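K.L.:
below is the sequence, then the predicted model.
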Amino acid sequence: MATSTQYGTNSIDDIKGKAKQTFDEASDRAQEMAGQARQQVGEVAGNVKGAIDRSVKDQPIATLAMAAAVGFVIGALWKS
């Protein structure tokens, strides 16, 4: 079955094929972006872990105080 548009005549199969191709391309791109995001999150997590390890070693009291402050804030937010 053919449909007539201002750009010409396309069959429904052609339209479905183009829609599937567009969806597949968008899906591939989304998977690629998710992989990049996962890699960047891993890098940030590694950096944060390294910074925390250095902080615990160099300034244990300040690190403990910061952890207590963060815990207090999270607790206050959780309660409200």
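P.N.:
Yep, it's here. Quantities reported herein were computed from a predicted structural model and do not represent experimental measurements. Residues are numbered from 1 along each chain as shown.

K.L.:
tell me where this protein has helices.
P.N.:
Secondary structure of the chain (DSSP state H): helices located at 12-58, 60-79.

K.L.:
could those helices go into JSON lines alongside mean neighbour count and mean pLDDT?
P.N.:
For the C-beta atoms, the positions are set from N, CA and C on the backbone; glycine is no exception. JSON lines is the format used below for those (neighbours: other Cβ atoms under 10 Å; pLDDT from 0 to 100):
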{"stretch": "helix 12-58", "mean neighbour count": "10", "mean pLDDT": "93"}
{"stretch": "helix 60-79", "mean neighbour count": "10", "mean pLDDT": "94"}
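
K.L.:
run a quick neighbour tally on Ser80.
P.N.:
Neighbours of Ser80 under the rule other Cβ atoms under 10 Å: 5.

K.L.:
use 3 as the first number from now on
P.N.:
Sure, I'll start numbering at 3, so the last one becomes Ser82.

K.L.:
I'd like the distance between it and Glu27.
P.N.:
To Glu27, Ser82 is 45 Å away according to Cβ to Cβ, to the nearest Å.

K.L.:
same question for Met68.
P.N.:
As defined by Cβ to Cβ, Met68 lies at a distance of 46 Å from Glu27.

K.L.:
Asp16 now?
P.N.:
Taking Cβ to Cβ, one finds Asp16 at 17 Å from Glu27.

K.L.:
please apply the same query to Phe74.
P.N.:
48 Å.

K.L.:
can you check Ile14 too?
P.N.:
Look at Ile14 and Glu27: by Cβ to Cβ, they are 20 Å apart.

K.L.:
ditto for Gly19
P.N.:
For Gly19 relative to Glu27 (Cβ to Cβ), the value is 13 Å.

K.L.:
Thr65 now?
P.N.:
47 Å.

K.L.:
let's check: the centremost residue of this structure is which one?
P.N.:
Taking Cα atoms, centre = their mean, the centroid of the chain lies closest to Ala39, which sits 5.0 Å from it.

K.L.:
hey, what's Ser13 bridged with?
P.N.:
Ser13 has these beta-bridge partners by DSSP bridges: Ala4.
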